[in-house]
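Trainee: What shape does this take:
(chains A and B)
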Amino acid sequence: MFLNPFEYHRAGSPQEALDLLNRHEGAKLIAGGHSLLPLMKQQLAQPTALIDIGRLAELSGVEKQGDSLRIGALTCHAELASSGMLATHCPILAEAAAKVADPQVRNKGTLGGNIAHADPASDLPAVLVATGATLDLMSPQGVRQVRAVDFFVGLLETDLAENELITAIHVPVLGQGSGSCYLKAEHPASGYAVCGAAVVVELGADGNAAAIRLSFNGLATTPVQCFPVVGALTGTDLADEAIDTAVNSLLSVEDPLGDIYASGEYRVQLAKVYCRRALKIARDRARG
Amino acid sequence: MGHKIRVEVNGRVVEREVEAHTLLVHFLREDLALTGTNVGCETSLCGSCTVWMDGEAVKSCTQLAVQADGTTVTTIEGMRTGDEMHPMQQAFWEEHGLQCGYCTPGMIMATSALLKHNSNPSEGEIREALKGNVCRCTGYHNIVKAVQRAAQGGS
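Mentor: Numbers count the residues shown, from 1 in each chain, chains lettered A, B, ... in the order given. Coordinates of the predicted model:
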């Protein structure tokens, strides 16, 4: 498979990247290239020019800012998976990053690239929704913030405008009394999630669930949150039987995705199984 | 329009002009005649094109040659020292960790990168680390044994 010709420009700063993007109609940004290059090989994307932002050090790394973590958009999956900062303050993102594809892909693929691609079978979008993440989108007009839940709008479609660049992802620190878990049923060949469940549980002083956030990938074109299950379990002590009952009776998805590998009905069944397991693990982690 | 790139490949600095759309694996094989790196699926799934870029295993079918500008690349040809095979190559030899051999260069680059991070991996960790490398002869058993042998210093 060969790529169609295109122009190539390497940006020396985020501002230069935006400027290059503005000057080249049909241009795309490239970082690790692990979402974009496969699309280009299949001729599903045919940019006229690639603007390489892969070396912008200011867009990489994890740092704590008050009660949230700022993750540079260029941080690769291997860095997320091994980040001590994430292990302490947002372990679900490290857990999920360690499950993306394989070691070679994790060495190159970036968080920003992953979410800009917005594959419904990707691991990280659902995790960002479950953690309540916010994204910084930079354009010549400045930086605007968008909640992860609002960012994913359809199949391979996001709120990112053509003149914008994702610079950072902010995830709230998961403090004492919180527990989280990401589990997936993975496609045996590709490693993509057939269905994945991201769960964050926060226990109150009484040991009951003060807040629960659920998000699934693989079920619809964008991450699915299941509010009836959340409503039924919030305020309870998250006993195994309560979790099983709530998930089995209340988890439903209208018109779920289906394909040759897994029908929609089967995916919803997988979601129930992985949701029950992930809720129990997150609960146990929250209890310490 | 060509782009001038400068890459250190197997300890030798090379400067070449490449097209923007040239993949790293094609640059290695066709411009530098380093045909030890194989092209398999071309979709970043099979791992036969695995090389090291700045010391980390990457799939060279999913990198542009221009992205490698300024980096250090190691291919299977750069693994031996003089006439001595790399310990991982020797271990694949000893354990018969190959059948047709097509996946072998990528397997050796991926597994030797694993040992840089984890000098004594469990069998499970080895299999997990090989997730991005496919052996269509299904010779995984001896591949895992080879990695274990290399981790134990070839004994």
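
Trainee: From here on, just use CA atoms for contacts and neighbour counts.
Mentor: Fine.

Trainee: Now do the helices in the stretch 1-150 of chain A.
Mentor: Listed in chain order, the helices of the stretch 1-150 of chain A (DSSP state H, counting those that start in this stretch) span A:14-23, A:36-41, A:77-82, A:84-89, A:91-97, A:103-108, A:111-117, A:124-131, A:148-151.

Trainee: how about the fifth one: buried residues?
Mentor: By 16 or more other Cα atoms under 10 Å in any protein chain shown, the buried positions in helix A:91-97 come out as A:91-97.

Trainee: counting contacts, what elements does it pack onto?
Mentor: Using 3 or more Cα pairs under 8 Å, 6 or more residues apart in numbering or on different chains; DSSP states H and E, the elements in contact with helix A:91-97 are helix A:77-82, helix A:84-89, helix A:124-131, strand A:178-186.

Trainee: per-domain residue ranges of chain A.
Mentor: Annotated domains of chain A cover A:7-51, A:63-172, A:178-287 [automatic domain parsing].

Trainee: Of all those domains, which one is nearest B:Val14?
Mentor: Nearest of the domains of chain A to B:Val14, taken as Cα to Cα: domain A:7-51 at 20.0 Å.

Trainee: mind checking the end-to-end distance for the closest one?
Mentor: Using Cα to Cα, to the nearest Å, the span of domain A:7-51 from its first residue to its last is 8 Å.

Trainee: and A:Gln225, how far is that from chain B?
Mentor: For A:Gln225, the distance to chain B equals 30 Å [Cα to the nearest Cα, to the nearest Å].

Trainee: looking at it, that residue is touching A:Asn217, isn't it?
Mentor: No: in this structure A:Gln225 lies outside contact range of A:Asn217 using Cα atoms under 8 Å: 9.3 Å.

Trainee: Now for residue 110, how many residues are close by?
Mentor: Chain wasn't specified; assuming chain A. Here the number of neighbours of A:Thr110 (other Cα atoms under 10 Å in any protein chain shown) works out to 28.

Trainee: if you could check chain B rather than the one you did, that'd help
Mentor: 28.

Trainee: Which strand or helix spans it?
Mentor: Here B:Ala110 sits within helix B:104-117, counting by DSSP states H and E.

Trainee: got the contact list for that helix?
Mentor: Contacts to helix B:104-117, defined as Cα atoms under 8 Å, 6 or more residues apart in numbering or on different chains, come from residues A:104, B:36-38, B:47-52, B:55-57, B:75-76, B:88-89, B:98, B:121, B:126, B:129-130, B:133, B:147, B:151.

Trainee: mind exporting the helix or strand following it as CSV, just the C-alpha atoms?
Mentor: Sequence order places helix B:123-129 as the next helix or strand after helix B:104-117, per DSSP H and E. What follows is helix B:123-129, C-alpha atoms only, in CSV (Å, rounded to 0.1, in the frame of the first residue of the first chain):
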residue,chain,number,x,y,z
GLU,B,123,5.7,-15.9,30.1
GLY,B,124,2.5,-13.8,30.3
GLU,B,125,4.4,-10.6,29.9
ILE,B,126,6.3,-11.9,26.9
ARG,B,127,3.1,-13.0,25.2
GLU,B,128,1.5,-9.6,26.0
ALA,B,129,4.6,-7.8,24.6
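
Trainee: host element of whichever residue of chain B sits closest to chain A?
Mentor: For chain B and chain A, the shortest gap (Cα to the nearest Cα) falls at B:Val58, measuring 4.5 Å. Using DSSP H and E, B:Val58 falls within strand B:56-59.

Trainee: List of residues touching whichever helix or strand comes after that strand?
Mentor: Sequence-wise, the next helix or strand downstream of strand B:56-59 (DSSP H and E) is strand B:72-74. Strand B:72-74 is contacted by residues B:7-11, B:51-55 when judged by Cα under 8 Å, 6+ apart.
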